[in-house]
Structures are given as C-alpha cells and as structure tokens.
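Build me a model from this:
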Amino acid sequence: MTDTELRQAGTPTAAKATATASDGAPGSPGRQRRRFGPDTTKGTVAKIVLLGLVDALAVYVLMMLFLSQSWGALAVSSAVVLAINWIYLRKGGLPAKYLAPGVLFLLVFQVFVVLFSGYIAFTNYGDGHNSTKDDAIAAIQLTAQKRVPDSPAYKAAVLAKDNSFYLLFTDPDGKASLGNTETPLEEVPDAGTDSTGKANAVDGYRTLTFQEIVANQQSILAITVPVSDDPADGTLRTADGSNAYQFKPALTYDAAADTFTDTESGTVYRDNGKGAFADANGETLTTGWKIDVGMENFARAFTDPSLRGPLFGVILWTFTFAIASVALTFALGLFLAITFNREDLRGKKVYRILMILPYAFPAFLSGLVWSGILNPQFGWLNQTLLGGATIGWLTEPTLAKISVLVVNLWLGFPYMFLVCTGALQSLPTELDEAARMDGAGPWRVFRSIKLPLLLVSIAPLLISSFAFNFNNFNVIFMLTGGGPRFADTDRDIGATDILITLVYKVAFGQGTGRDYGLASALAIIIFIIVATVSAISFKQTKALEDVNS
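Just a heads-up that it's a prediction; the model follows:
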C-alpha cells in the first residue's frame, strides 16, 4: 500500500467505508442480521392492554367450559390461550405474531367447521335427536304430562325477579312454595300473605299486578314448575295466574328395564337402538337422543324414497346449471371484452364501467329484484313488456330453469368481462400482427392464437367459477326458492333446486323437520364432487400449459 493509500484509509470517510464494508452490503455473505430494539413504552402498553382484553375473554370462556364440564374443549382452549400468551410475550418470533391471528381464525372458522360437519354426517343429529339419552328421558317426562285427577287446587301469585317470572303457590294446608321452569319448587316459610291466607309476597321479589299478568299472559302460562328434581314427581301449572294444579307424566320410566310405559294404554316403549324409544309396532316417542349411525345418512341420500328420485334430478340440474353458467358468462364476457378492446373505440372507459354495474350490485338483492320482474301475476315483464301475459317464468319448470340461467348470466358476465379484458391486454400485439401479415383472418387469429393463450391464464378462473356456481345459493334461493316444487315427494324440493339449496332445506326443516346429519352427509357429497371435478380440470389445465409452452 502506498503512502497516499494509507492517508486515505486514515480519513473519516475511509473509516466509515471500512465500517460499512465490515457490516456487509445488502445481500452479501458478511451482512449481519439487523437487531430490533426494545418495544417503545406506547407499544408495550398497547400490547399489555390488548392481551389483557383477550385473556379476560378467555378466562370467561374457560370458566363457562369448566362449569359445563366440557373437558375436551376446556383443554384445547387452555392450550390455545397459553400459546397466544407465549407468542406475544416472548422476545423475537415476529413472524409468529403476525401469523397467529390468521391461523387461529382459519382453525376456528374453517378447519373446525369442516371437521365438525364431517362428524355430524355420521350421527342422527337433528330435530328430536340433539342431546344425550338422559336429557331425552327427562324431556319426555316433562312434556308428556297430564293433570292429576282430583288434584288439589293451589292458590298462585306471580312474582318477578331479574327479568324472570316465578310462581308462588299456597297449598291447601297453607304452606307457601316458590319456583319457575328452571327452579324446582322450594318452600318459603316467611312469605307474606293476604287476608285470605294466600301467599302473595317474598322478600327480593316483586308481585305482579293484574294488568302486568294480562300483559305477560303467554310467558306466565308457559311456566311449568317441577315439584322436585325428579321429573317423575310432576309439575305445577296455572291456567289463569291465580290457581294451579298438579300434573304428572303420562309415561312412567323404569330405569331398571330402560322402558317407558303409557299409564293409560299400557304400551311399553323400549330403546330401539336408533336413538329413540319405540313400541312393538315401531312407533317412536317424539324426543330422542344423538347417536352415531355410521354410513346410514349417506345410504339414506340414495335409498330414501322421498329423496332418492328428486336427488338425481337435483344433481343433474346442478351440473347443468354450473356448466351452462360458466359457458354463457365466459362467452358473453369474452365477446364484450374483445368488442371494447378496440383501440379506435371512443368512450370505451364509460362502456366498461357500465358493463361492471351488475357485478357491483349484491347478488341476493338482484335475485329479489328479478323475482319481482319475472313474477307471473304482477311482474314488469308480463304486465308491461308483454301486455298483461301470464307466462310462468318462475312457476313452469323449464321456464324457471331458463330464467335462473338468464339472471345468473346477468350477474356473472361482468366478472368474466373484467378477467378477459385484463388477459387480452396482456397478450403481445406482435403475434396478432404477425398472423395478419401471414394472411390469417380475424376469426383464425382468435381461434388459433388468442383463445389458446387466453385459456392458459383463464382456465383456473373458469374452474373456480364452476365451483362457485355449483354452490350458488343466492341466485337460486332468492329468485325461485328452488321451485316449482316436485309433486312426487313430501319434501320441499323443486325443479330449480341445486345441491346446496337442498342441503339448506334438509338442515333447516323445510318440509320434514331439521336433519343436520343428512344435510352434513349431502355437504360431504358436494365437496367430493367439486374436489373431483376441480382436480381433473386442473390436470387438464396443466396439460394446456405444457402444449402452449
């Protein structure tokens, strides 16, 4: 090193350059990892406050789980709370701090929902089968009650506390007792009485006036006060708010034999192994309990006479609706995209804005609007445009299906228009110019050059559009409600129902009561169908990319 170089190395600028070189340039092997300093006071306070709120909510949830003896959920929730506190209280681990909320919501709202739905598909969960066997036995004893013949009359008064109503009874011997539907009868020795000896007041409770009793008549008449913790002892009920009588179960339960016996007819109901009590003729009591049924729900979907026939029609229409919707919206969207992609077209920005307006309007509101427009009796189309015609756009099966496709075309083509416009603008213009110089016409250029290149980028979106329309609940339910209804089934299933609307009707009791187990099984069938079609389609898309590469 020369003297000049030594002097330059000794200058502040050279020292600074040397220090920078020792740290390493960005991307160089010698670069040291940047260390973040400690949190600021504001950041620390914000973290403590937010984490404290989360922990307060978590403690409340854990207490509720403990009181309900949900040990599995309690263990999982405790582990999640501890993990969240460990992630946000420890130093470092910045990626985990950002990923934790998203992962937690994914597990709760996606993974858990899918797993729980899968579990429900293998049970008989639904109306009359939504709890344990012990709960079912208690419910049967409480609901199947009749007034005890010649039972003594109890004087009754209506009290209120904490927005709940209570009944205060006075038996023929003058003893006062208090209770409501959730609280069994309990003696009140220090109750206040009127001149007739009727108990009418209790410390801490407010006695209702006659006007208040009349105003809350339905709630008061619905009160059934258990005589004790044993449902077999019966209940006390009032029909007028002033007198009450004793009721006892019309079905008596024999715990040793695990049977119910009708006190009048002597009919015996036994556990039939299917989550219900049934007599010798197969007649079951209304209330049952949840049990595992294996593949029975999947078998019912294809063997139940009221579901088998309509189900195959619904599956066929679902595929037709999804495929036709994708094809029509893609064709119209591509046509409009090519039309408004001309360089010499004036005002094309305004046209493009107008084209996307149907897409900006909520689909469920559009369905309701179109339902009014197509109404056979007073719809705008029949009454105004067709001069008072009575065409059943929504009541005749074929016309209803056409109407659904047309409305879905109206709602879906703007999306395809936007996608195709972006794809067209990304194509190199040199290919178009070269093809025209070789003598190719516009149709030949589109068919042999533009369309194959478009499909490479648009094919995955077409697959996702198929999956969306396969489960397009809004347009079907808001426009036709799945109708017109099939005549060969007692279920509320119609000509325009697709699988997802059928699942909704089965799950939420449209016609035959709620059946969550069967609905979950149908949902799994939908998942398998969509997953299979998507996998095959993506495989074909990969082949298309290989051909065009």
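
list the contacts for residue 306?
Contacts for residue 306 were tallied using CB atoms under 8 Å, 6 or more residues apart in numbering; they are 489-491, 512. Backbone N, C-alpha and C define where each C-beta goes, glycine included.

what about 10 Å?
Contacts for residue 306 (CB atoms under 10 Å, 6 or more residues apart in numbering) come out as 300, 486, 488-491, 493, 511-512.

Filter those residues down to the buried ones, ChimeraX style.
The ChimeraX command for the buried members of the contacts of residue 306 (criterion: 16 or more other CB atoms under 10 Å) is given here:
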select :300,486,489,491,493,512
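
could I get the contacts of residue 306 as a markdown table with secondary structure, distance to residue 538 and pLDDT?
Listed next are these as a markdown table, based on DSSP: H, G, I helix; E, B strand; the rest coil; distance: CB to CB, whole Å; pLDDT from 0 to 100:
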| residue | secondary structure | distance to residue 538 | pLDDT |
| --- | --- | --- | --- |
| 300 | helix | 32 | 92 |
| 486 | coil | 35 | 91 |
| 488 | coil | 38 | 83 |
| 489 | coil | 36 | 85 |
| 490 | coil | 40 | 84 |
| 491 | coil | 35 | 87 |
| 493 | coil | 32 | 92 |
| 511 | coil | 38 | 60 |
| 512 | coil | 38 | 70 |
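
out of the contacts of residue 306, who's nearest residue 530?
Distance to residue 530, by CB to CB, is smallest for residue 493 among these, at 20.4 Å.

burial measure for the closest residue to the closest one other than its chain neighbours, as a count.
Among residues not flanking residue 493 along the chain, residue 310 sits closest, at 4.3 Å (CB to CB, 6 or more residues apart in numbering). Residues near residue 310, counting by other CB atoms under 10 Å, number 20.

Please apply the same query to residue 487.
For residue 487, the neighbour count with other CB under 10 Å is 5.

For the stretch 151-300 of the chain, just list every one of the strands.
154-161, 164-170, 176-179, 186-187, 192-193, 199-201, 206-207, 225-226, 235-238, 243-249, 251-254, 259-262, 268-271, 277-278 (DSSP state E, counting those that start in this stretch).

Low-confidence stretches in the stretch 51-200 of the chain?
Counting by pLDDT under 70, the stretch 51-200 of the chain contains no low-confidence residues.

now the helices for it?
71-89, 94-106, 112-120, 133-143 (DSSP state H, counting those that start in this stretch).

wait, which of these is closest to residue 331?
Closest of these to residue 331 is helix 112-120, at 34.4 Å (criterion: CB to CB).

tell me how far that closest one is from the chain's mean position?
12 Å (CA atoms, centre = their mean, to the nearest Å).

List the buried residues for it?
Within helix 112-120, the residues that count as buried by 16+ other CB under 10 Å are 117, 120.

What residues does residue 496 make contact with?
Taking CB under 10 Å, 6+ apart, one finds 314, 317, 321, 394, 397, 400-401, 403-405, 475-477, 479-484 in contact with residue 496.

mind running it again at 8 Å?
317, 397, 400-401, 404, 476, 479-480, 482-484.

Check those residues against residue 125 and report the nearest one.
Using CB to CB, residue 482 comes nearest to residue 125 of these, at 23.3 Å.

what about the residue lying closest to residue 267 once chain neighbours are set aside, distance to residue 290?
Excluding the flanking residues, the one nearest residue 267 by CB to CB, 6+ apart is residue 279, at 5.2 Å. The gap separating residue 279 from residue 290 is 21 Å, by CB to CB, to the nearest Å.

Same question for residue 495.
34 Å.

Likewise for residue 500?
From residue 500 across to residue 290, the span is 24 Å (CB to CB).

for the helices of the stretch 51-200 of the chain, which one sits closest to residue 234?
Closest approach to residue 234 among those is made by helix 133-143 (8.8 Å; CB to CB).

which strands and helices sit next to the closest one?
Packing partners of helix 133-143 (3 or more CB pairs under 8 Å, 6 or more residues apart in numbering; DSSP states H and E): strand 243-249, strand 251-254.

Put the alpha carbons of it into PDB.
Extracted C-alpha coordinates of helix 133-143, given in PDB (Å, rounded to 0.1, in the frame of the first residue of the first chain):
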ATOM      1  CA  LYS A 133     -80.200 -40.100  26.400                       C
ATOM      2  CA  ASP A 134     -80.600 -38.800  30.000                       C
ATOM      3  CA  ASP A 135     -81.800 -35.400  28.600                       C
ATOM      4  CA  ALA A 136     -84.200 -37.200  26.300                       C
ATOM      5  CA  ILE A 137     -85.700 -39.200  29.200                       C
ATOM      6  CA  ALA A 138     -86.100 -36.000  31.300                       C
ATOM      7  CA  ALA A 139     -87.700 -34.200  28.300                       C
ATOM      8  CA  ILE A 140     -90.200 -37.000  27.700                       C
ATOM      9  CA  GLN A 141     -91.300 -36.900  31.300                       C
ATOM     10  CA  LEU A 142     -91.700 -33.200  31.300                       C
ATOM     11  CA  THR A 143     -93.600 -32.900  28.000                       C
END
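
now that helix and strand 243-249, what's the angle there?
Here the directions of helix 133-143 and strand 243-249 differ by 140 degrees (axes from the mean of the first three to the mean of the last three CA atoms, to 10 degrees).

Just the buried positions in helix 133-143, please.
Neighbour-count burial for helix 133-143 flags 133, 136-142 (criterion: 16+ other CB under 10 Å).

give me the number of residues near the nearest residue to residue 161 once chain neighbours are set aside?
With sequence-adjacent residues excluded and distances taken as CB to CB, 6+ apart, residue 161 is closest to residue 205, at 4.8 Å. Burial of residue 205 is recorded as 19 neighbouring residues (other CB under 10 Å).

What's the per-residue pLDDT of residue 205 here?
Residue 205 is assigned a predicted lDDT (pLDDT) of 95.

Make 112 the starting number, not 1.
Shifting the count to begin at 112 puts that one at residue 316.

Distance check, the nearest residue to residue 624 once chain neighbours are set aside against residue 227.
Spatial nearest neighbour of residue 624, excluding adjacent residues (CB to CB, 6+ apart): residue 238 at 4.2 Å. Using CB to CB, we find residue 238 at a distance of 18 Å from residue 227.
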